[in-house]
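K.L.:
can't give you the sequence, but here's the structure:
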């Protein structure tokens, strides 16, 4: 992020091309609220470290706060690292838009992904 103006121009170009942009690992590292104001992002990804600790201590409060920030900026939310049905249910209850993780699928090759997408959805 040493060249914020250059990054901003590239993000705008990508958005004009119809791509959606997410800030990965929101709440850790270099992400900041200032980026939400400056960059035209589509969603925030909640870091798996918060998801992993869900249900213990203040993590639920942190996730709730991140979801509130996303809503205030009219952004979507993606939680990463979902491994248990309890995490899926808790995040759904909190209002997380999308989730990714081993609960849904391990990483797949291109051929396996095509087969996975062609298969009928599992019965809940």
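P.N.:
Thanks, I have it. Here the structure is a predicted model, which means the values were calculated and not measured.
K.L.:
check which helix or strand residue 79 maps to.
P.N.:
Assignment of secondary structure by DSSP states H and E places residue 79 within strand 76-80.
K.L.:
contact partners of that strand?
P.N.:
Surrounding strand 76-80, the residues in contact under the criterion Cβ atoms under 8 Å, 6 or more residues apart in numbering are 22, 42-48, 51, 63, 66-67, 70, 87, 91, 95-101. C-beta coordinates here come from the backbone N, C-alpha and C atoms, glycine included.
K.L.:
in strands only, show me these.
P.N.:
The strands, defined by DSSP state E, take in 22, 43-46, 98-100 from the contacts of strand 76-80.
K.L.:
between these, which has the most around it?
P.N.:
Counting neighbours by other Cβ atoms under 10 Å, residue 46 comes out on top of these with 29 neighbours.
K.L.:
so it touches residue 96, yeah?
P.N.:
Yes: A contact is recorded between residue 46 and residue 96 when judged using Cβ atoms under 8 Å, the distance being 7.1 Å.
K.L.:
could you pull out the residues contacting both of the two?
P.N.:
63, 67, 77-79.
K.L.:
ok, how many other residues are close to the residue nearest to residue 4 when sequence neighbours are not counted?
P.N.:
Here the nearest residue to residue 4 in space, its sequence neighbours aside, is residue 38; by Cβ to Cβ, 6 or more residues apart in numbering that works out to 7.0 Å. Residue 38 sits with 14 neighbouring residues when counted by other Cβ under 10 Å.
K.L.:
right, and residue 38 touches residue 9 too?
P.N.:
No: between residue 38 and residue 9 no contact is recorded; they are 11.4 Å apart, counting by Cβ under 8 Å.
K.L.:
on the three-state scheme, residue 105 is what?
P.N.:
When states are read from DSSP: H, G, I helix; E, B strand; the rest coil, the local structure at residue 105 comes out as coil.
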